[in-house]
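Asks: got a sequence here, can you build the structure:
(one chain, ligands or ions: 1)
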Amino acid sequence: MILSQLPRFHLSIFTKPPSSSLSSPHFNFLNHRSNPPVSLARTIFSFAPKSNLATVEPIPLPVVSDSSDMDEAPVEISLDKLFIPPETDISGDDPSSLTARILKGSNIVLSRYARDAQVAQADYVKSSVRTEDCPADGLPEFALVGRSNVGKSSLLNSLVRRKRLALTSKKPGKTQCINHFRINDNWYLVDLPGYGYASAPHELKQDWNTFTKDYFLNRSTLVSVFLLVDASIPPKQIDLDYASWLGQNQVPMTMVFTKCDKRKKKKNGGKRPEENIKEFQDLIQGFFETTPPWIMTSSVTNQGRDEILLHMAQLRNYWLKH
Ligand code: GDP
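Replies: Numbers count the residues shown, from 1 in each chain. The predicted structure is shown next:
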């Protein structure tokens, strides 16, 4: 097992990924397009079973956001909680080279598939009410989902560097739809209905659940769900339930912690974003065989923007090749 061969050391993931990774040569992945069956799509991102990692002693990794508050102690994660993409070997890395391969403010190690991450073009394509009505061109896609008000539209706009693109899916009649945005003419960002809106009638909420669950289970081109969780507040049961459901159903998931710029302790229940994130991680630990990827973001400072795009690129390029 790769991880058990590593020497014990302390790592910092303060370091930005190499800047060249965002501008690496074009990879003609349309020629490699394939549509793995859903079952394959679910398994290609799974790694060693948890039991193999049990022998690895936790190694503290300080994680920081863009905070300028130097008094704050960094949150620690252990080496066995890193997300190591498939076909990625970190056993030859010394501490500094491994540090450089971890995306800032995340547990995600970069693989050789992390390329072609820029967004040059973004177009609204369609809103569908059923999975069967979604685009049928076989392009890979990433679905953004989260509680209403979590910052989903803001993140979508920030990812595509357009101030109002996500407004399309906020128009009347489209808030309950699967909204497809085509990126660079070769992959999709998908905006799903927000859940847990306090004043939505119970029956309507149930409908949204059935509707999005069907999409998660049956959309063969879905590479990964990006579950948005507000890091400025303590974990909410509804988000934990969502993460649990995705874990139980083996739907590939990345957790995106939003609003990481909000650091006013009193206003936000006395905890820093890093503390809320750690608590969330601890609470969902049992739902997954291996630690899912997670990343800290802010649509105000654009923290995590390039990192999310690199992570999407590595998942997408791997998916296309298999
Ligand atoms: P949605 O309902 O999930 O689409 O959420 P929106 O993107 O509409 O954002 C909901 C509210 O949160 C708005 O008032 C945004 O200005 C605010 N917001 C969104 N993202 C951030 C963020 O990263 N930091 C802060 N401080 N506020 C945010």
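Asks: residue ranges of the helices in the chain, please?
Replies: Along the chain, counting by DSSP state H, helices occupy 38-43, 50-53, 95-100, 152-160, 202-218, 237-248, 273-284, 305-321.
Asks: and for stretch 107-114, what's in contact with it?
Replies: Residues from elsewhere that reach stretch 107-114 (CB atoms under 8 Å, 6 or more residues apart in numbering): 17, 21, 24, 63, 77, 81-88, 90, 98, 101-103, 291, 293-295, 307, 310-311, 313-318, 321. Every C-beta, even on glycine, is put in place using the N, C-alpha and C of the backbone.
Asks: if we go to 7 Å?
Replies: Applying CB atoms under 7 Å, 6 or more residues apart in numbering, the contact partners of stretch 107-114 are 17, 21, 77, 81-85, 87-88, 90, 101-103, 291, 293-295, 310-311, 313-314, 317-318.
Asks: just the buried positions in that stretch, please.
Replies: In terms of neighbour count (16 or more other CB atoms under 10 Å), stretch 107-114 has its buried residues at 107-111, 113-114.
Asks: now do stretch 225-240
Replies: 225-233, 235, 239.
Asks: repeat for stretch 239-256
Replies: Those buried within stretch 239-256 under the rule 16+ other CB under 10 Å are 239, 242-243, 246-247, 250-256.
Asks: can you redo those residues as TSV with distance to residue 262 and pLDDT?
Replies: Shown next, in TSV, are these (distance: CB to CB, whole Å; pLDDT from 0 to 100):
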residue	distance to residue 262	pLDDT
239	16	95
242	21	93
243	21	95
246	25	94
247	27	93
250	32	93
251	28	95
252	28	95
253	23	96
254	21	97
255	17	97
256	15	98
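Asks: for the residues you listed, which one is nearest residue 119?
Replies: Using CB to CB, residue 256 comes nearest to residue 119 of those, at 16.2 Å.
Asks: what residues are up against the closest one?
Replies: Neighbours of residue 256 in contact, by CB under 7 Å, 6+ apart: 155, 226-228, 295, 297, 308.
Asks: what's across from residue 256 in the sheet?
Replies: Here residue 256 sits in beta bridges with residue 228, residue 295, going by DSSP bridges.
Asks: got TSV for the helices of the chain, with distance to residue 144 too?
Replies: Formatted as TSV, the helices of the chain follow (distance: least, CB to CB, whole Å):
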stretch	distance to residue 144
helix 38-43	18
helix 50-53	28
helix 95-100	28
helix 152-160	5
helix 202-218	11
helix 237-248	13
helix 273-284	18
helix 305-321	10
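Asks: of the ones you listed, which is nearest the ligand?
Replies: helix 152-160 (3.3 Å; CB to the nearest ligand atom).
Asks: wait, does the closest one make contact with the ligand?
Replies: Yes - applying CB under 6 Å from any ligand atom, one finds helix 152-160 touching the ligand at 152-154.
Asks: which of these has the most neighbours?
Replies: residue 152 (25 neighbours; other CB atoms under 10 Å).
Asks: surely that one and residue 158 touch.
Replies: No - with contact defined as CB atoms under 7 Å, residue 152 and residue 158 do not form a contacting pair (10.7 Å).
Asks: what about residue 193, how many neighbours?
Replies: 24.
Asks: do residue 120 as well
Replies: 9.
Asks: and the pLDDT for it?
Replies: You'll see residue 120 listed with a pLDDT of 94.
Asks: phi, psi for it please.
Replies: Phi and psi for residue 120, reported as degrees, to the nearest 10, are phi -100, psi -30.
Asks: list the contacts of it.
Replies: Contacts of residue 120 (CB under 7 Å, 6+ apart): residue 184.
Asks: wait, residue 246 touches residue 253, no?
Replies: Yes - using CB under 7 Å, residue 246 makes contact with residue 253 at a distance of 4.7 Å.
Asks: pull up the overlap in contacts between those two.
Replies: In contact with both residue 246 and residue 253: 225, 227, using CB under 7 Å, 6+ apart.
Asks: excluding sequence neighbours, find me the nearest residue to residue 285.
Replies: The spatially closest residue to residue 285, leaving aside those adjacent along the chain, is residue 291, at 7.8 Å (CB to CB, 6 or more residues apart in numbering).
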